[in-house]
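J.: Got a sequence here, can you build the structure:
(2 chains)
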Amino acid sequence: MIEISSLNKSFGKVCVLEGISLSIDKSGVFAILGPNGSGKTTLIKCILGMVIPQGGTIKINEQPVRKQWYYRKHINYLPQIARFPDNLKVAELIRMITNLRNQKANDKELIRLFKLEPFLDKKLGNLSGGTKQKVNLVLTFMFDNPILILDEPTTGLDPVSLIHLKELIKKEKESGKTILITTHIMDFVEAMADEVVFLLEGNIYFEGTVKSLKEHGGKSNLEEAIATILTQQNV
Amino acid sequence: MFKILQYSFYDLIRSRWSYVYFLFYLVLGLALLFLNNSVSKSVITLMNIIIVLTPMIGTIFGVMYFYSSREFTELLLAQPIKRTTIFIGQYLGVSLSLSLSLVLGLGIPFTIYGLWQSSELANFGLLLASGTFLTFIFVAISANIALLNENRIKGFGYAILIWLFLAVIYDGLFLISLVVFEDYPLDKLALVATALNPIDLSRILILLKLDISALLGYTGAVFQKFFGTNAGMIVSFFILLVWTLIPTLFIRRIAVKKDF
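T.: Modelled structure (predicted):
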């Protein structure tokens, strides 16, 4: 489904991705982990074509994505920081994205789930960070597409919404979708992820199941295992 | 493309500034007609205002819009839409809504005053056409600047500088060069220098159409010979079109390469 080979990206002198190769050809939840600045978001943005890599190729469903745009129809993307046009109302934004994508959306159900009804007529600029993130989640999950890319989905969510989010991800996983998640919350990774991709300084340091990552770090707790790996690497 | 254009257009139409801009022209048009009590005199006064103001408003709105719509752009980039469509759509949305404020803001008072029965219709049309061209040109230039500079203050500064250069400094340099090289034949140089600045080109175009070129002296005669004819008019519009197309193509080029 997603095939990345020797992907390179640098911003000026800072090399963010140094020849990353990664192949995801099955459904399930894939967690992309790594310390701050390890290139997680850049990798995701390369897949979406928002950041243009200097070298390497990315293929989605066997098709190279460079200079293409139609493939994004199959991807639902949740950006890291929920930033929306301030003077739009929530309902208008949802309508606009539905109209632009020209796809069937089950926004009603999600709005009910995250209790967003009172905010539908409010302008996005006046919403709190957590509420914006809920709107962000509605926009991401309202379309039925085979690939989901979630960049730090848990940011700013209250415990109830977090539980809803986990349920949503589980449901999508069960329906056979490929879900890419970046996060720093290790409990979330342990609960959700089938496989882990660990990025370190622009390279893939580790790729495998959560269990084998724990074994690799020599700890029973994922957080500690990762901390051990990072201290060994002097990062 | 049309959907993006539509959203950008409505986004601006709903913002307060677009109304302020529209009302400004409305009041200006009414005041001028009331004070001059003649369509042709009002058109001459308006020319001086439009030639300077439309590029300035285009510059400021263009930069402001492209910086403040960054969130919107990022949202759109993750959707199945072509990159160039997003940026060209936004550009056209801004330019069209500004042009609409201009055309309606001035069109309404002049229509009420009886423009359609007067002999000034063509001149007035030329005035609005140049104002629209200048809006498109300067929105495109400022869109380029906003896309190239992440730093808003810098971008704003550059955009204003370009406007200041083309609207004021260019004329100064032009005049100085005419004085310094007085002893040489300068009509060709003057013609080329005028064509290279869209503001000057529009000004000369309107002045000549208004038949007050006698004010311009000998050079005026040369200009009249070139711009006054239909061919000159077509060439001038062609140059304005080129002035619009080049920065638009640059928007496309930048849009394809930029990281978000």
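
J.: For the rest of this, base every contact and every neighbour count on C-alpha atoms.
T.: OK.

J.: List the contacts of the most centrally placed residue in chain A.
T.: Geometric centre of chain A, nearest residue: residue A:150, 2.0 Å, by CA atoms, centre = their mean. Contact analysis of residue A:150 by CA atoms under 8 Å, 6 or more residues apart in numbering or on different chains lists A:77-80, A:179-182.

J.: now it, what's its secondary structure?
T.: Three-state assignment for residue A:150 (DSSP: H, G, I helix; E, B strand; the rest coil): strand.

J.: For the contacts of residue A:150, give me CSV that also has pLDDT, neighbour count and distance to residue B:226.
T.: Formatted as CSV, those follow (pLDDT from 0 to 100; neighbours: other CA atoms under 10 Å in any protein chain shown; distance: CA to CA, whole Å):
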residue, pLDDT, neighbour count, distance to residue B:226
A:77, 91, 24, 57
A:78, 91, 23, 59
A:79, 88, 22, 56
A:80, 84, 17, 58
A:179, 92, 24, 66
A:180, 91, 23, 65
A:181, 92, 24, 66
A:182, 91, 23, 65
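
J.: Next secondary structure element downstream of the longest helix along chain A?
T.: Longest helix of chain A, by residue count under DSSP state H: helix A:159-174. Moving toward the C-terminus from helix A:159-174, the next helix or strand (DSSP states H and E) is strand A:178-182.

J.: Quick one: check that next one for contact with chain B.
T.: No - Strand A:178-182 stays clear of chain B (CA under 8 Å from any CA of the partner chain), getting no nearer than 15.0 Å.

J.: Show me what that strand pairs with in its sheet, parallel or antiparallel.
T.: If you go by DSSP bridges, strand A:178-182 pairs up with strand A:28-33 (parallel), strand A:147-151 (parallel).

J.: I'd like the next helix or strand past the first one.
T.: Helices and strands here follow DSSP H and E; after strand A:28-33, the next one along the chain is helix A:40-48.

J.: Tell me the helices and strands packed up against that following helix.
T.: Helices and strands touching helix A:40-48, by 3 or more CA pairs under 8 Å, 6 or more residues apart in numbering or on different chains; DSSP states H and E, are strand A:14-24, strand A:147-151.

J.: Where does pLDDT dip in the chain?
T.: Going with chain A. Along chain A, the parts satisfying pLDDT under 70 run over A:234-235.

J.: That was the other one, I meant chain B.
T.: B:211-222, B:227-228.

J.: Following the chain past the host helix or strand of residue B:123, name the next helix or strand.
T.: Element membership for residue B:123 (DSSP H and E) is helix B:121-148. Counting by DSSP H and E, the next helix or strand C-terminal to helix B:121-148 is helix B:152-164.

J.: and that following helix, how far out from the chain's middle?
T.: 16 Å (CA atoms, centre = their mean, to the nearest Å).

J.: so that helix versus helix B:121-148, what angle?
T.: 150 degrees (axes from the mean of the first three to the mean of the last three CA atoms, to 10 degrees).

J.: got the buried residues for helix B:152-164?
T.: Neighbour-count burial for helix B:152-164 flags B:152, B:155-156, B:158-160, B:162-163 (criterion: 16 or more other CA atoms under 10 Å in any protein chain shown).

J.: Kindly report the residues of chain A close to chain B.
T.: A:45, A:48-52, A:68-73, A:77, A:83-85, A:100-101.

J.: Restricting to C-alpha, output stretch B:62-69 in PDB.
T.: Taking C-alpha atoms only, stretch B:62-69 is exported to PDB below (Å, rounded to 0.1, in the frame of the first residue of the first chain):
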ATOM      1  CA  GLY B  62      -2.500  40.200  -1.500                       C
ATOM      2  CA  VAL B  63       0.200  39.900   1.100                       C
ATOM      3  CA  MET B  64      -2.300  39.900   4.000                       C
ATOM      4  CA  TYR B  65      -4.500  37.200   2.400                       C
ATOM      5  CA  PHE B  66      -1.700  34.900   1.500                       C
ATOM      6  CA  TYR B  67      -0.200  35.100   5.000                       C
ATOM      7  CA  SER B  68      -3.500  34.800   6.800                       C
ATOM      8  CA  SER B  69      -4.800  31.900   4.600                       C
END
